[in-house]
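**Q** Okay, here's the prediction I keep looking at, along with the sequence it came from:
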Amino acid sequence: MKKTPFLLIFFISINLIMFAQEDKNIRFFNDGNKYYASGKYDDAIENYEKIINSGFESPELYFNIANSYYRSNKFTYSIYYYEKAKILLPGDNEIEHNLEKAELKIQDKIQKIPEFVLIRVIKNIINSESVSFWAYTSLTAFILSLLAIILFLFSKIRKVKKISFLLGILIFMFSLTTFVFARVQYSNLMANNTAIIFTHSVWVKSSPVEDASDLFNIHEGLKVRIEEESNDWYEIKLSDGKDGWVKKEVLKII
């Protein structure tokens, strides 16, 4: 019984700290927006970074700081934060448009390997919505399919039983499909296997050692996929299929 007051004070204190931090973040976000509107982009970045350093993230926050970096001609940082916004809010046209503008400002223009049409269409559908959207859609469809099956089991009318059975199967298949979409989106969110090069110029090596032969040169702002890691090295792959090894310090994981 003697521990109860202490625990109560502890939980109250934690909640007060969380509310105070949330209030600070709102203030920093509003101040950042004001600075951005008045053209003080470095001040805007400073306020947005305070929120990010507190551990909070949102597509709006990443989008705003990306815009601020773009206006400051710091395109590598701009691309990095547009990509982070894109992960949290896939399929957003404004994020995609601004990201494409920022990518035009960097040195490397890598041609992507063409994808099979069906695969590209499926990816576009999956990326058109967030993981939460697909998860809620899947759950709702699953409940509806259960209701349809219940109607099939208890209905006395043959036509109703037939329709409810077919409808139940179709809705269940839709639920399963959207569940897979949610899983894919969640995997993309948690993967941490893409990064942005943050060093002005980097020679990609044939193996993870300093004296390995140079394969090709890449520059800051380029997005790469991380394939493997070995001590202080990452094996990376470009969108055109080229791969090799770089030091971990030259890139920043999205």
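**A** Yes, it's here.

**Q** what's the helix or strand encompassing Ser138 packed up against?
**A** If you go by DSSP states H and E, Ser138 is part of helix 131-154. Helices and strands touching helix 131-154, by 3 or more Cβ pairs under 8 Å, 6 or more residues apart in numbering; DSSP states H and E, are helix 158-191. C-beta: built from backbone N, CA, C; applies to glycine.

**Q** In the helix it packs on, which residues are buried?
**A** Under the neighbour-count criterion of 16 or more other Cβ atoms under 10 Å, helix 158-191 has 164-165, 167-168, 171-172, 174-175, 178-179, 181-182, 184-185 buried.

**Q** Over to stretch 47-57?
**A** Asn47, Tyr48, Lys50, Ile51, Ile52.

**Q** Let's see it as CSV, backbone CA atoms only.
**A** What follows is stretch 47-57, C-alpha atoms only, in CSV (Å, rounded to 0.1, in the frame of the first residue of the first chain):
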residue,chain,number,x,y,z
ASN,A,47,12.5,24.4,-35.2
TYR,A,48,11.5,21.3,-37.2
GLU,A,49,14.7,19.5,-36.1
LYS,A,50,13.9,20.1,-32.5
ILE,A,51,10.7,18.1,-33.0
ILE,A,52,12.5,15.4,-34.9
ASN,A,53,15.2,15.1,-32.1
SER,A,54,12.4,14.6,-29.6
GLY,A,55,11.5,11.4,-31.4
PHE,A,56,8.3,12.6,-33.0
GLU,A,57,7.7,12.0,-36.7
